[in-house]
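1. below is the sequence, then the predicted model.
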Amino acid sequence: MKNKAQFLILLLASFLLIDSGLAQTLKSTRISGSITVDERLDNTGDYSGISVHIVDIGGPRGIDTLFSAITNIDGTFSGTARFRNKGEFTASISRYGIPLAATALILAPNDPVTLTGQLPNFDDTVEIKSKEHGAMNTYQRVERNYNRIVDFINSGAVEVTQDTIPVIINTWSDLFWSVRELHPGTLAADIGTLRSVEILAGFNDEVVLSRVRQSLADQSLYTAAKVRLGAGAKLRLQGAKPAIAFIDSVLTMRIPEEDRIVLEMESIEIKIDNGMEQEAKTRLLAFRERHKSSPSLAEWVDVMMYDIEHLFPGLPAPSFSLQLHRGGRVQNQDLLGKTVLIEIANFASQAYQTENTLLGLLYESFKDRNFEIVTIPIHDSRVTVNAFVQDRNIPWPVVSAGQFNSADIIQKFNLTVIPTRILIAPDGTIIRKYSGTNFAIIQNDILRILEEEEL
């Protein structure tokens with residue numbers, strides 16, 4: 001899915017101080033419940049004086065208190081929470097000024113919440129009831145089962161082939177989509193929608209586009225994330241210009257400013273990835289001028305400019321000469337004549353361990369067609385690299401840990417996200433840089449280049 005997705009999240013966290021958000025009309029809902037104390041610690045039956053606070057930690061004004069109440073003698077409390085937007089917030093429990101427990105709690109307009117629990121084992125006894133929490137429980141069950149299946153596949157206990165992957169992906173995408181249909185309008189429905197589209201990207205792009213359009217019509221959350229996935233589907237199906245046009249059509253809609261910024265950035269990245277150098281530079285300069293008061297966005301512009309000047313499609317790949325885990329060295333000239341995917345990854349990352357299974361399938365599909373992968377493990381110890389290569393029996397070259405300066409690799413490949421991958425043509429020039437993971441795009445690009453070479 002994800003051109004620099006993690007980097008964008010970090011940027012957004014630092015600049016989303018949107019004045020218009022402060023002027024929104026507050027929404028409200030009723031909060032009630034009871035907090036008691038284990039009688040083995042307090043047998044008086046007096047549960048008064050326990051404070052219940054619901055706060056928005058990541059709001060535009062810093063920590064914002066949305067609800068406060070003090071329990072009665074029987075531990076009960078009630079009141080009204082006021083907030084700007086539906087979302088997940090933090091409920092904290094304290095007594096005599098001492099914080100004792102905390103839990104996540106969803107607030108939505110006119111969706112009464114009941115919160116009960118017992119101290120000191122609050123985590124084991126807490127119970128939250130509301131329409132939103134019922135929906136979230138459904139989503140979490142689907143998510144847990146999906147993760148079990150992924151772990152089961154990664155363990156090697158079951159053989160997964162190129163034919164079975166689309167079946168698995170479509171089935172679980174439909175299950176996540178069903179959360180939206182069962183619990184319309186809830187936060188869980190919005191998350192389920194995004195998850196459904198995310199795991200389907202590259203496997204059934206027609207459905208990706210259909211579901212993105214449906215979710216845009218009902219004005220649910222995560223607009224930018226879903227549109228980026230839709231643009232990726234357009235890119236794979238029809239090319240760069242239709243993908244950019246799709247983003248531009250959404251930019252004419254009334255969407256949150258933070259989503260607008262992310263989509264402008266995505267449009268620029270598509271231009272860079274697809275060799276539209278002059279258009280990308282023009283958009284970048286205009287973007288920098290509009291957001292010149294934001295240091296974080298200025299940093300992003302600098303990153304993109306570096307990619308244009310040093311890692312643009314058609315330019316020679318960065319030079320390197322690195323020692324391999326199994327002995328010997330690998331350098332640019334050794335790879336001439338092959339289509340090569342260089343990846344900079346972190347083996348200790350749980351996400352990468354899942355990706356490695358897909359990467360192995362991709363390698364098996366193309367290894368007999370003059371295709372190679374070279375993995376550079378960054379921030380990994382020798383022990384981690386040794387164990388990973390041995391356990392996974394990785395068949396392609398892996399660079400030895402500790403044999404290079406990580407800062408040099410970060411600078412040379414302009415890393416903002418791990419993993420980053422660069423596809424190199426047989427003549428040693430860059431085809432494309434991929435920040436984050438989108439195996440469908442990578443696979444399509446590899447297939448296109450191999451077919452061109454075989455003509």
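-> Okay, I see it. Numbering: from 1, shown residues only.

2. spit out the contact partners of the residue lying closest to Ile449 once chain neighbours are set aside.
-> Using C-beta to C-beta, 6 or more residues apart in numbering and skipping residues adjacent in sequence, the residue nearest Ile449 is Thr339, 5.1 Å away. Just so you know, the C-beta spots here come from the backbone N, C-alpha and C atoms, and that holds for glycine as well. Counting by C-beta atoms under 8 Å, 6 or more residues apart in numbering, Thr339 touches 366, 369-372, 423-426, 446, 449-450, 453.

3. next one: Ile446
-> Per C-beta under 8 Å, 6+ apart, neighbours of Ile446: 339, 341, 362, 366, 371, 423.

4. helices - which of those land there?
-> Of these, the ones assigned to helices by DSSP state H are 362, 366.

5. name the next helix or strand downstream of the lowest-mean-pLDDT helix or strand in the chain, please.
-> Lowest on mean pLDDT, DSSP states H and E among the helices and strands of the chain sits helix 19-22, with a mean of 39. Counting by DSSP states H and E, the next helix or strand C-terminal to helix 19-22 is strand 27-37.

6. just say helix, strand or coil for Val262.
-> For Val262, the assignment made with DSSP: H, G, I helix; E, B strand; the rest coil gives helix.

7. try the one 3 residues further on
-> Using three-state DSSP, the structure places Met265 in helix.

8. distance of it relative to Thr114?
-> Remark: distance between Met265 and Thr114 (C-beta to C-beta, to the nearest Å) = 41 Å.

9. of these two, which one has the most company?
-> Set side by side, Met265 and Thr114 show more neighbours around Met265, with 25 against 15, by other C-beta atoms under 10 Å.

10. low pLDDT regions in the protein?
-> For the chain, applying pLDDT under 70 flags the ranges 1-24, 58-62, 156-158, 160, 162, 437-438.

11. quick check: longest helix of it.
-> Criterion DSSP H: the longest helix present in the chain is helix 131-154.

12. who touches that one?
-> 86, 106-108, 111, 113, 158, 160, 168, 172, 175-176, 178-179, 182-183, 186-189, 191-192, 195, 353-354, 357.

13. among the residues you listed, name the ones in strands.
-> If you go by DSSP state E, the contacts of helix 131-154 have 106-107, 113 in strands.

14. ok, and the most crowded of those?
-> Top of the ones in strands among the contacts of helix 131-154 by neighbour count (other C-beta under 10 Å): Leu107, with 27 neighbours.

15. tell me the domain boundaries of the protein?
-> Per automatic domain parsing, the domain ranges recorded for the chain read 5-15+133-310, 19-128, 321-454.

16. residues contacting Gln390?
-> Residues near Gln390 by C-beta under 8 Å, 6+ apart: none.

17. which SSE is it in?
-> Take DSSP H and E as the rule and Gln390 turns out to sit in helix 382-392.

18. what residues of that helix count as buried?
-> Neighbour-count burial for helix 382-392 flags 385-386, 388-389, 392 (criterion: 16 or more other C-beta atoms under 10 Å).

19. again, but for stretch 90-103
-> Residues 90-93, 95, 100-102 are the ones in stretch 90-103 that count as buried (16+ other C-beta under 10 Å).

20. now do stretch 199-209
-> Judged by neighbour count using 16+ other C-beta under 10 Å, the buried positions of stretch 199-209 are 199-205, 207-209.

21. ok, now stretch 274-287?
-> Residues 274, 276, 279-281, 283-284, 287 are the ones in stretch 274-287 that count as buried (16+ other C-beta under 10 Å).

22. ok, so of these, who is nearest Thr44?
-> Of all those, Thr44 sits closest to Phe287, with 63.0 Å by C-beta to C-beta.

23. so the closest one belongs to a strand, correct?
-> No: counting by three-state DSSP, Phe287 is located in no strand; its state is helix.

24. contacts only, for it.
-> 264-265, 268, 297, 301.

25. what's the answer for Val250, then?
-> 216, 223, 227, 263.

26. spit out the contact partners of the last one.
-> Yep, that's Leu263 we're talking about. Contacts for Leu263 (C-beta under 8 Å, 6+ apart) come out as 224, 227-228, 247, 250-251, 255.

27. Phe77 sits in which helix or strand?
-> Assigned by DSSP H and E, Phe77 belongs to strand 76-83.

28. and that strand, which strands flank it?
-> Strand 76-83 pairs in its sheet with strand 27-37 (antiparallel), by DSSP bridges.

29. packing partners of the next helix or strand after the helix holding Gln390?
-> Remark: after helix 382-392, the chain's next helix or strand is helix 406-412, criterion DSSP H and E. The helices and strands touching helix 406-412, judged by 3 or more C-beta pairs under 8 Å, 6 or more residues apart in numbering; DSSP states H and E, number zero.

30. what does stretch 357-373 contact?
-> 153-154, 160-162, 165, 335, 337-343, 392, 394-397, 426, 439, 442-443, 446-447, 450, 453-454.

31. ok, 7 Å please
-> Contacts with stretch 357-373, where a contact means C-beta atoms under 7 Å, 6 or more residues apart in numbering, come from 153-154, 162, 335, 338-341, 343, 395-396, 439, 443, 446, 450.

32. quick one: end-to-end distance for it.
-> In stretch 357-373, first residue to last residue: 14 Å (C-alpha to C-alpha, to the nearest Å).

33. and it, what's buried?
-> Within stretch 357-373, judged by 16+ other C-beta under 10 Å, the buried ones are 357-360, 362-363, 366, 371-373.

34. among these, which two are most distant?
-> Farthest-apart pair in those is Thr357 and Glu372; separation 18.9 Å (C-beta to C-beta).

35. make JSON lines out of the buried residues of stretch 357-373 and add distance to Gly49.
-> Converted to JSON lines, these look like this (distance: C-beta to C-beta, whole Å):
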{"residue": "Thr357", "distance to Gly49": "53"}
{"residue": "Leu358", "distance to Gly49": "54"}
{"residue": "Leu359", "distance to Gly49": "57"}
{"residue": "Gly360", "distance to Gly49": "59"}
{"residue": "Leu362", "distance to Gly49": "60"}
{"residue": "Tyr363", "distance to Gly49": "63"}
{"residue": "Phe366", "distance to Gly49": "67"}
{"residue": "Phe371", "distance to Gly49": "68"}
{"residue": "Glu372", "distance to Gly49": "68"}
{"residue": "Ile373", "distance to Gly49": "62"}
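
36. go through those and name the one nearest Pro419.
-> Nearest to Pro419 among the buried residues of stretch 357-373: Leu359, at 9.4 Å, using C-beta to C-beta.

37. ok so the closest one is a helix residue?
-> Yes: assessed with three-state DSSP, Leu359 lies in a helix.

38. any idea how far it lies from Val330?
-> Leu359 is 17 Å from Val330, by C-beta to C-beta.

39. do the same with Ser210
-> For Ser210, the distance to Val330 - C-beta to C-beta - is 43 Å.

40. who has more neighbours out of these two?
-> A count of neighbours by other C-beta under 10 Å puts Val330 above the other of Ser210 and Val330, at 20 against 14.

41. the more buried one: what's it in contact with?
-> Taking C-beta under 7 Å, 6+ apart, one finds 322, 324, 374, 397 in contact with Val330.
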